[in-house]
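Novice: Mind looking at a prediction? Sequence and model below.
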Amino acid sequence: MFNAIVSADTLQATLDSVSVLVDECKIHLEEDGLEIRAVDPANVGMVDLRLDAAAFESYETDGGLIGVNLSRLEDIAGMADAGQPVHLDLDEETRKLHISIDGLEYTLALIDPDSIRQEPDLPDLDLSANIVIEGKDIDRSVTAADMVSDHIALGVDATEELFYVDAEGDTDDVHLELTRDDLIDLTPGDAHSLFSLDYLKNMNKAIPKDAEVEMELGEEFPVKMHFSFAEGQGRVTYMLAPRIQSE
Amino acid sequence: MFNAIVSADTLQATLDSVSVLVDECKIHLEEDGLEIRAVDPANVGMVDLRLDAAAFESYETDGGLIGVNLSRLEDIAGMADAGQPVHLDLDEETRKLHISIDGLEYTLALIDPDSIRQEPDLPDLDLSANIVIEGKDIDRSVTAADMVSDHIALGVDATEELFYVDAEGDTDDVHLELTRDDLIDLTPGDAHSLFSLDYLKNMNKAIPKDAEVEMELGEEFPVKMHFSFAEGQGRVTYMLAPRIQSE
Amino acid sequence: MFNAIVSADTLQATLDSVSVLVDECKIHLEEDGLEIRAVDPANVGMVDLRLDAAAFESYETDGGLIGVNLSRLEDIAGMADAGQPVHLDLDEETRKLHISIDGLEYTLALIDPDSIRQEPDLPDLDLSANIVIEGKDIDRSVTAADMVSDHIALGVDATEELFYVDAEGDTDDVHLELTRDDLIDLTPGDAHSLFSLDYLKNMNKAIPKDAEVEMELGEEFPVKMHFSFAEGQGRVTYMLAPRIQSE
């Protein structure tokens, strides 16, 4: 059983955070909220999302697991105005999700969860540096790096106490330094890793420009990014594997 | 002789209502206003439009019939700002229409009316149900149906006193019910017909979202939609033939 | 040595005025400002631009000549908000331009000026007519002419004291007349020349709609257009060669 009402923008933010990595996903219906974990086909980017029951106008479930086509569900949510309530009602017999928006009822065929790529376990990593950065600064970094390269290096200089972004193209380079003053927080530790820009660009699309993003970084290690949405009642963690740097 | 001044948005609304079905049309210049009737090449959708002389800032004619390329005339009208007056002056000798917008003069070659597809007669139909619906609800119905199917069923349930929209896709379905309270008016009578969504999508583009649209419906019969524009001085009727439903 | 700070919109306007004609250009770094002259590959359109040192927040140079890729530099300037300062610093050793925008540093490889098409000398022409016209009227003329033709005739009728625009298509024509009252100024003299619309459309893109454009015209002669930007501290001259009119 799953019967819930959620505002269209909260639903949209939830779906967007996952659809930047995968087309389909499993949604765990837990008593205290939704949980989604997914990894892209190349095993490079992972997402772990949680949306508390408190983020819903009403939320009832006795547990369960459903598989959904994300772009289809995003299209449906897009039919609603931003604050409009979206009613979700699972028909367990037919394995269909009934989605109602102000008199309009959409019947969505669910996907067999067993047919969806296995969910990843995001590993605990002992990462040396930790910063808190505004979403708009991630956006600037990614947009600038994209002008010169397919890769982007993220790092922390523990001595100088600054976070930096590097992108090297064939002829042009981009470099950004953010000091402790430019950041919301900085826990220094030497860190430097190279990432595929495509993945970071996709994750950036789902990060609100005004979000406070906690970023954990290491030496040739994955980066983890944590941010919240839906007034703190939704939380997303992205993990992105590094590229091997040629010497 | 035809010499008239009309605001650009009234002209644009007139042209848009017809161009969703055909590329060229005949315009009847009557003493009390303009009349346009047209049918698409497949004989599925028809339009009957009337724009009263009172909708013009000035209007003079001794009658006549001209043929125009609609997209060309729409482009010209698009050069004007919304409320700006557009001056139309027919040169009967050269069969050209002189269109002036604030000092800019465009000379449009007319099309021989005999070369344009024959005008339809919209039949009188004794349709069982009649509703009055807001343009924005037609828009919602068409947009939602388009997510799952190429067809859309429109119907009225006389017992329940409601208007409904149905679209069935391979896996997903869309259903919308509007009760008497959701509608502006309802004259019940059982009705149910299936239509090509492409045609209804095109007609929907020309229906103002805030228009009150009178819809006449029957059992496997055409649908007729009536609405007005230009503060009631322009009136459009669309008629759309049903698709045969396979059992 | 070249070290300067300029607002992003002034930089953008400078680059846009030149990039409508060429992809790469030479920039002369003079003590009292920048100078750019360029001609398109077909030798039909020329631009002569000057941006005074006073248009910069700070400006220091001991002279020099650099070659730049315009679209690349426009992309970088586009990273800044409209009024945001852009810091330009030339590294003469590496022939790279360091561009800083609020902590973001972009290193742009310059182009060898010798590899860029030679700069034109805009000839002094004794043109018979001179008008001053609003940028938005050039925009209207070009947009309307583009609906019917690839060419546009610009002329002045000395007797009637009016400026006119003519475009003749296969079936339709466009004609615009602006009297002394419609113009900012008019120094009459008979003039009539035919131009390629593509070039004028491109130049029009860079002319602010609210600019006062001085236009010099002759009989089958080039047209010159002068306008200023950056509160008068930047000045652009376009010269466009006429097309030979077939009799």
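Specialist: Sure thing, it's come through. Keep in mind that what you see is a predicted model, and the values were worked out from it rather than measured.
Novice: Of all residues in chain A, which one is closest to chain C?
Specialist: A:Thr171 (3.7 Å; CB to the nearest CB). For every residue, glycine as well, the C-beta is placed using N, CA and C.
Novice: quick one: that residue from C:Arg95, how far?
Specialist: Per CB to CB, to the nearest Å, A:Thr171 is found 11 Å from C:Arg95.
Novice: shared neighbours, the two?
Specialist: Shared contacts of A:Thr171 and C:Arg95 (CB atoms under 8 Å, 6 or more residues apart in numbering or on different chains): C:Ala109.
Novice: Pull stretch A:219-237 out as PDB, backbone CA atoms only.
Specialist: C-alpha atoms of stretch A:219-237 as PDB (Å, rounded to 0.1, in the frame of the first residue of the first chain):
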ATOM      1  CA  GLU A 219      43.900  12.400  -3.400                       C
ATOM      2  CA  GLU A 220      42.800  10.600  -6.500                       C
ATOM      3  CA  PHE A 221      39.700   9.500  -4.800                       C
ATOM      4  CA  PRO A 222      36.000   9.900  -5.500                       C
ATOM      5  CA  VAL A 223      34.200  13.200  -4.600                       C
ATOM      6  CA  LYS A 224      31.100  13.100  -2.500                       C
ATOM      7  CA  MET A 225      28.600  15.900  -2.700                       C
ATOM      8  CA  HIS A 226      25.700  16.300  -0.200                       C
ATOM      9  CA  PHE A 227      22.900  18.800  -0.400                       C
ATOM     10  CA  SER A 228      19.300  19.000   0.700                       C
ATOM     11  CA  PHE A 229      16.000  20.100  -0.900                       C
ATOM     12  CA  ALA A 230      12.300  20.400   0.000                       C
ATOM     13  CA  GLU A 231      13.200  22.600   3.000                       C
ATOM     14  CA  GLY A 232      15.700  20.100   4.400                       C
ATOM     15  CA  GLN A 233      13.200  17.200   4.200                       C
ATOM     16  CA  GLY A 234      15.000  15.700   1.100                       C
ATOM     17  CA  ARG A 235      18.700  14.900   1.000                       C
ATOM     18  CA  VAL A 236      20.900  13.900  -1.900                       C
ATOM     19  CA  THR A 237      24.400  12.400  -2.000                       C
END
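Novice: Report the buried residues of it.
Specialist: By neighbour count on 16 or more other CB atoms under 10 Å in any protein chain shown, the buried set for stretch A:219-237 is A:221-230, A:233-237.
Novice: so how far is it off the chain centroid?
Specialist: Relative to the centre of its chain, stretch A:219-237 is centred 7 Å away, using CA atoms, centre = their mean, to the nearest Å.
Novice: what do you get for stretch A:122-136?
Specialist: 14 Å.
Novice: now swap in stretch A:210-224 and tell me
Specialist: 13 Å.
Novice: ok, now stretch A:142-151?
Specialist: 20 Å.
Novice: buried sites along it?
Specialist: Those would be A:Val142, A:Thr143, A:Ala144, A:Ala145, A:Asp146, A:Met147, A:Val148, A:Ser149, A:His151, for stretch A:142-151 by 16+ other CB under 10 Å.
Novice: Quickly list what whichever residue of chain A sits closest to chain B is bridged to.
Specialist: The minimum distance from chain A to chain B, using CB to the nearest CB, falls at A:Ala109 (3.7 Å). With DSSP bridges as the criterion, A:Ala109 is bridged to A:Lys96.
Novice: you'd agree it is up against A:Lys96?
Specialist: Yes: in this structure, A:Ala109 is within contact of A:Lys96 by CB atoms under 8 Å, at 5.8 Å.
Novice: follow-up on the earlier one: now for the buried residues of stretch A:142-151: which two are most distant?
Specialist: Of all pairs drawn from the buried residues of stretch A:142-151, the greatest distance, 14.7 Å, lies between A:Thr143 and A:His151 (CB to CB).
Novice: so which strand or helix has A:Gly83?
Specialist: Assigned by DSSP states H and E, A:Gly83 falls within no helix or strand.
Novice: How about it: what's its closest non-neighbour residue?
Specialist: Take A:Gly83 and drop its neighbours on the chain: the residue closest to it by CB to CB, 6 or more residues apart in numbering or on different chains is A:Ser7, 5.5 Å away.
Novice: Pull the number of nearby residues for the one you found.
Specialist: 20 (other CB atoms under 10 Å in any protein chain shown).
Novice: ok, now which ones touch it?
Specialist: A:Glu57, A:Ala82, A:Gly83, A:Gln84, A:Pro85, A:Val86.
Novice: A:Leu11 too?
Specialist: A:Ala77, A:Val86.
Novice: Report the separation between it and B:Arg72.
Specialist: In terms of CB to CB, A:Leu11 sits 44 Å off from B:Arg72.
Novice: Then A:Ala77?
Specialist: For A:Ala77, the distance to B:Arg72 - CB to CB - is 40 Å.
Novice: For chain A, give me the ranges with low pLDDT.
Specialist: For chain A, the stretches flagged by pLDDT under 70 are A:245-247.
Novice: what does it have sitting close to chain C?
Specialist: A:140-141, A:143-144, A:147-148, A:171-178, A:182 (CB under 8 Å from any CB of the partner chain).
Novice: again, 6 Å this time
Specialist: A:Ala144, A:Met147, A:Thr171, A:Asp172, A:Asp173, A:Val174, A:His175, A:Leu176 (CB under 6 Å from any CB of the partner chain).
Novice: for stretch A:93-105, which positions count as buried?
Specialist: A:Lys96, A:Leu97, A:His98, A:Ile99, A:Ser100, A:Ile101, A:Leu104, A:Glu105.
Novice: Now flag whichever of these is closest to B:Ile133.
Specialist: Closest to B:Ile133, out of all of the buried residues of stretch A:93-105 and judged by CB to CB, is A:Leu104, at 13.8 Å.
Novice: Please identify which helix or strand holds the residue nearest to that closest one when sequence neighbours are not counted.
Specialist: Nearest residue to A:Leu104, sequence neighbours excluded (CB to CB, 6+ apart): B:Leu176, at 4.8 Å. Following DSSP H and E, one finds B:Leu176 within strand B:173-179.
Novice: give me every residue that touches the residue lying farthest from the centre of chain A.
Specialist: Farthest-out residue of chain A from its mean C-alpha position, per CA atoms, centre = their mean: A:Thr171, at 32.5 Å. A:Thr171 sits next to C:Ala109 when contact means CB atoms under 6 Å, 6 or more residues apart in numbering or on different chains.
Novice: Quick check: the gap between it and C:Leu15.
Specialist: 18 Å.
Novice: again, but for A:Ser17
Specialist: Distance from A:Ser17 to C:Leu15, by CB to CB: 37 Å.
Novice: and what of A:Gln118?
Specialist: Taking CB to CB, one finds A:Gln118 at 51 Å from C:Leu15.
Novice: what about those two, which has more around it?
Specialist: C:Leu15 (25 against 10).
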